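1. structure of the sequence below:
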Amino acid sequence: MKERISDLLKRAPGPEVVAAEGWVRTKRDSKTVCFLELNDGSCLKGLQIVIDKSQLDENQLSVLTLINTGASVVCNGPIIVSGGGDQTVEMATTDVNLVGIAGANYPLQKKRHSIEYLREIAHLRPRTNLIGAIMRVRNTLAFGVHEYFNKNGFVYVNTPLISTSDAEGAGEMFQVTTLDLNNVPKTEEGSVDYSKDFFGKIANLTVSGQLEGETYAMALKNIYTFGPTFRAENSNTKRHLAEFWMIEPEMAFCDINLNMEVAEDFLKFIIKKALIECEEDIAFFSKFVEKGLKENLEHVVNTPFAHMTYTEAIEVLEKNNDSFDYPVHWGTDIQTEHERYLTEVYCKSPVIVTNYPKEIKAFYMKLNDDNKTVRGMDVLVPRLGEIIGGSERESDLDLLTKRMVELDLDPQDYWWYLDLRRFGSVPHSGFGLGFERIVQYVTGTANIRDVIPYPRTVGNAEF
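-> Okay, here's the model as predicted:
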């Protein structure tokens, strides 16, 4: 493989001629010398190219005049000691090859652009320092996910993207159909005749791979999924996407306590990996995006997570209801402002909250003996709030069936899921981490739309 600019910047000066390939960030021209800053996305810093114009012929000089910000070039020359103060090495060359021109209307000129503007040019924004750094961290975190589960004996399972089951029971799903919407077939009763559809029934894009993941945990013991999921949730906020990636481990012979241990260990592992392998990018975010980010992340990695029940959390929060936009009482869901109070003010550490009221949690969570709460858990972190949600799954056939009926879910639609409780049922647990949430957290990015290459949100499916 060819050396990237991150490799060239680490080279010792020497006579060997090497190639530098990339896009021009800046061009500074004088009568005798031209300076190009070349970047290929491998690191924040570009390689300075120093071109002695006195050594160029007319043809080479004419090519040089065509090179502007945004152009792609290949330069060949030795790496030398830099005479400038911003870099230790640079390339001296007279061999500059213009690969692709960029006109004066190139949208990313040498100035600060707003993050809102960059979303309008999502196809070009990875060339900026900010988005390039975010994507490098995203890459490192993704590899960290696979590394963690692989070293701990989990099997990677690809669950279906097209599903006929609603894992969350909320109904906020994107329907998949091949029916002619201008001529929809109807039954004698006047409803849509889905027997004529591709799958012969209603099908949707998945909101979670959990239920299918559980089936493989019942055979392979410890599995994880890592793939795209879809929510037709009409939430136009900084925290929601219609298309995002989910990490969902499922573990057989695992209760809620072991589930919490794995969640904490996993979160610390991938954050630590980013701190070590993306040191330059994290320093950039700490300086320009979120002051104190590096110290915040190190605190999460090095601090034992606090634990409290939902009831204990509500008792703490009720004492401060006057300071919240949304006052709480037992039975209400905990909002982001409450999560941040618990982590940043009360505990001063990440917090795992357990034993939520069954009415505000999903049907598959195991019921506690009090018949009021379930063995669900949320991992809350400072600055963001909830980052992981999970539970011990209900392993008792009768209790799970009863819970489905209470929530107006048809057990027949989940016959295969109930079979797991009929044939060799065991205690099992799992959790879900929205991948974009952890990228947002590690980079300090305020809006989740900026940590995924092409955000899909309400009314927005550009590119």
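2. all contacts plus neighbour counts: C-alpha atoms, from now on.
-> OK.
3. chain center to stretch 383-393: distance?
-> When distances are taken as Cα atoms, centre = their mean, to the nearest Å, stretch 383-393 is centred 15 Å away from the chain's centroid.
4. cool, and stretch 41-52?
-> Stretch 41-52 has its C-alpha centroid displaced from the chain centroid by 29 Å (Cα atoms, centre = their mean).
5. contacts for that stretch?
-> Contacts to stretch 41-52, defined as Cα atoms under 8 Å, 6 or more residues apart in numbering, come from residues 4-6, 8-9, 25, 32-40, 75, 89-94, 127, 129, 132-133, 136, 280-281.
6. may I see the buried residues of that stretch?
-> 41, 43-51 (16 or more other Cα atoms under 10 Å).
7. so which of the residues you listed sit within helices?
-> Judged by DSSP state H, helices contain none of the buried residues of stretch 41-52.
8. redo those as TSV? Include distance to Trp416 and pLDDT.
-> Output for these, formatted as TSV (distance: Cα to Cα, whole Å; pLDDT from 0 to 100):
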residue	distance to Trp416	pLDDT
Gly41	47	97
Cys43	48	97
Leu44	50	96
Lys45	54	94
Gly46	55	96
Leu47	58	97
Gln48	61	97
Ile49	63	97
Val50	67	97
Ile51	68	96
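9. re earlier: ok, of the contacts of stretch 41-52, which come out buried?
-> Neighbour counting over the contacts of stretch 41-52 (16+ other Cα under 10 Å) leaves 4-6, 8-9, 25, 35-40, 75, 89-94, 127, 129, 132-133, 136, 281 as the buried ones.
10. tell me where the stretch 201-350 of the chain has helices.
-> Applying DSSP state H, counting those that start in this stretch to the stretch 201-350 of the chain gives helices spanning 210-220, 256-277, 279-288, 293-302, 310-318, 336-340.
11. and for the stretch 1-150 of the chain?
-> Using DSSP H, counting those that start in this stretch, the helices of the stretch 1-150 of the chain run over 5-8, 58-65, 115-120, 129-151.
12. nearest to Leu205, out of those helices?
-> helix 129-151 (22.4 Å; Cα to Cα).
13. run through who's touching the helix or strand just after the closest one.
-> The C-terminal neighbour of helix 129-151 among helices and strands, as given by DSSP states H and E, is strand 155-156. Identification of contacts with strand 155-156 by Cα under 8 Å, 6+ apart yields 149, 220, 222-226.
14. mind putting these into CSV with distance to Met246?
-> CSV is the format used below for these (distance: Cα to Cα, whole Å):
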residue, distance to Met246
Phe149, 14
Leu220, 20
Asn222, 17
Ile223, 14
Tyr224, 10
Thr225, 8
Phe226, 6
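15. what subset of these is buried?
-> The neighbour-count criterion (16+ other Cα under 10 Å) marks 149, 222-226 among those as buried.
16. farthest pair in those residues?
-> Greatest spacing in these, by Cα to Cα: Asn222 and Phe226 (13.8 Å).
17. sheet partners, orientation included, of the longest strand anywhere in the chain?
-> Identified as the longest strand of the chain according to DSSP state E is strand 17-29. Within its sheet, strand 17-29 is paired with strand 33-39 (antiparallel), strand 72-81 (antiparallel), according to DSSP bridges.
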